[in-house]
Each structure stands twice: as C-alpha cells, then as structure tokens.
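>>> Pasting a predicted model and its sequence here:
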Amino acid sequence: MQVRRLHDWPATVAEAEAIQQRFRPLVELDEPGPDQVELVAGLDVAYSAGDERVTAAVVVLRVPALEVVERVVVSRPVRFPYVPGLFAFRELPALVEALEKLSTTPELLICDGYGLAHPRRFGLACHLGVLAGLPTIGVAKTAFIGTYQTPAPERGSWSPIMDGDEVVGRSLRTRSDVKPVFVSQGHRVGLDNACRHVLRLTPAYRLPEPIRQADHLSRTGQDA
DNA sequence: GCGACAG
DNA sequence: ATCTTGTCGC
C-alpha cells in the first residue's frame, strides 16, 4: 500500500516537536469511523543489539475470523533516541517501510502505543494514521499521561482517561481480572468505535490479536 | 525545583 | 524496549 511522505525524519528533539505541532491539525477525530471492517493490520516493533536496531512487523488479519492474510517484517538501524512523547520517531520509519511492502490495504490500523492521549495530542497512532490516511487506533500497555479510575474487573468495563477536563482515551478491560489496556483515538475513528473494535479483536488474550501477532513476529523475525 | 515519563 | 529463573495457576 501507499504511505504519504509528508515530511523528512527529524534529527533533533526540536525538529521532532515541530513536526508534531505542524501535523496535529490533520488528525480527524470527529467521525465515528468504520463499523465493520474486513482487513485489520496490527503493528509493533522490537529492539535488538542493545537498542541499535529496530524491527517492525505488520500482520494483516481478516475479520471476524482473525485469520492471517499477510505478514511483513522490516529491520533497520535506530536513528532517534527514546524520548517520552517522541518515540514515534524511533518506530515510524521502519513501520512505514513495512506498511509500504504490504500487497493488501487494510481498512484499520492498530498500533502499540498512544494516539490522542499524548502531551501534544499527536502520539504514534495519530501520526501513523495521518501518513497512511487510514483509520487508526492506539492501544498501549502502560499509563502515560492523564488520570483514570481502575475499571471493574469484568471484560468490557472501562473508565475515561482524563487530562484535565479532556477525555483523551479509555482504560479498557479486555479480559476479566487482567490488567486493563489503554485505548486512544488515532485517526478517523471515534472512541466508542475504537473500543468496540479492540474488544472484537481481543478474543483470548490481553492484547488485540493483530498487535499480539505483530509483537511476536517482530521478535522472532519469521512466522508466528 | 523535582520527579515521571508510550516503547 | 531489553536483561533474566523459577513459580503459581488454569
């Protein structure tokens, strides 16, 4: 599939922040987004050689069967330090490259990390969504910004993630009695819809199947 | 000013 | 993220 190249990759923190400020207005958050989708892609990256190489993986699944349609793995040198709020710049180059090698075009992207729930409202999921021009959802495993109440223990229960007066995402229980995940809007998907998709894609484990499989693939390099 | 801080 | 053994529980 095609991914728009809207800017060059930054070399400094100041450049990276400027890019986030500049492209944040392109994020679309008001539409409810797709209800039914057939092809969903999960994306994740793994680091190796002591933080010197990054391996990105994309796994496309067919919904609702969750059968694998396509897998892509890309490895390259890391070219940006880890800075909270800017970690998209470590992972995006490899993720974009992996997306471009896809022979199919998914209708929805699920990323490992945050979207709207970000210091400048432009986390990885927003950034990737804008570049790919596709509905995108962010699913993170640990807290970042904002505050939230622990959701009830049953699968499906949730509580809003608040940053001041703003709702920036949800802490969502994808499995009963298991630590919740953090869902936030990326691009062209409403928060309600995002959580519905995440639950539908999470039949057995804590993480949505597309991300879980991409995670596995990024570490092993080959078949899951 | 001091800590916390997606992966 | 990554470095790592054993261990509790379904």
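The structure has been received and is ready for your questions.
>>> For residue A:75, which residues are in contact?
Contacts for residue A:75 were tallied using CB atoms under 8 Å, 6 or more residues apart in numbering; they are A:53-56, A:94, A:221. Every C-beta, even on glycine, is put in place using the N, C-alpha and C of the backbone.
>>> now with 6 Å?
A:53, A:55 (CB atoms under 6 Å, 6 or more residues apart in numbering).
>>> what do you get for the one 4 residues further on?
When the contact criterion is CB under 6 Å, 6+ apart, residue A:79 has no partners at all.
>>> Distance of it relative to residue A:214?
In this view, residue A:79 and residue A:214 are 21 Å apart by CB to CB, to the nearest Å.
>>> I'd guessed residue A:163 sits against residue A:146; true?
Yes - counting by CB atoms under 6 Å, residue A:163 touches residue A:146, with 4.2 Å between them.
>>> quick one: which of these two has more around it?
The neighbour comparison of residue A:163 against residue A:146 (other CB atoms under 10 Å) goes to residue A:146, with 20 against 17.
>>> tally of neighbours for residue A:186?
35.
>>> element containing it, please.
Assigning secondary structure by DSSP states H and E places residue A:186 in strand A:181-187.
>>> and if you look at residue A:74?
strand A:67-77.
>>> tell me which strands and helices whatever helix or strand comes next after that strand is in contact with?
Once the chain leaves strand A:67-77, the next helix or strand it forms, by DSSP H and E, is helix A:88-100. If you count contacts as 3 or more CB pairs under 6 Å, 6 or more residues apart in numbering; DSSP states H and E, helix A:88-100 packs onto strand A:53-62, strand A:67-77.
>>> show me where pLDDT drops low in chain A?
For chain A, the stretches with pLDDT under 70 are A:222-224.
>>> Which residues of chain A lie near DNA strand B?
A:44-45, A:47, A:51, A:82, A:84-88, A:112-114, A:118, A:123-125, A:138, A:140-144 (CB under 7 Å from any atom of the strand).
>>> Report the strands that pair with the strand holding residue A:186, each with its relative direction.
Strand A:181-187 pairs in its sheet with strand A:136-140 (antiparallel), strand A:166-172 (antiparallel), by DSSP bridges.
>>> That one near DNA strand C anywhere?
No - counting by CB under 7 Å from any atom of the strand, DNA strand C is not contacted by strand A:181-187; separation bottoms out at 11.6 Å.
>>> ok, and what's touching that strand?
With CB under 6 Å, 6+ apart as the test, strand A:181-187 has contacts from A:27-29, A:114-117, A:125-126, A:129-130, A:136-140, A:169-172, A:174, A:191, A:194-195, A:198.
>>> for stretch A:199-212, same thing?
With CB under 6 Å, 6+ apart as the test, stretch A:199-212 has contacts from A:40, A:42, A:44, A:59, A:61, A:66, A:110, A:112, A:174-175, A:178, A:198.
>>> Wait, a strand at residue A:218?
No - under DSSP: H, G, I helix; E, B strand; the rest coil, residue A:218 sits outside any strand and is assigned helix.
>>> so it touches residue A:47, yeah?
No - Residue A:218 lies out of contact with residue A:47 (CB under 6 Å); the separation is 9.2 Å.
>>> any idea how far the nearest residue to residue A:26 once chain neighbours are set aside is from residue A:87?
Leaving out its chain neighbours, the residue that sits closest to residue A:26 by CB to CB, 6 or more residues apart in numbering is residue A:130, at 4.8 Å. Going from residue A:130 to residue A:87 by CB to CB gives 17 Å.
>>> who has more neighbours, the two?
The neighbour comparison of residue A:130 against residue A:87 (other CB under 10 Å) goes to residue A:130, with 22 against 18.
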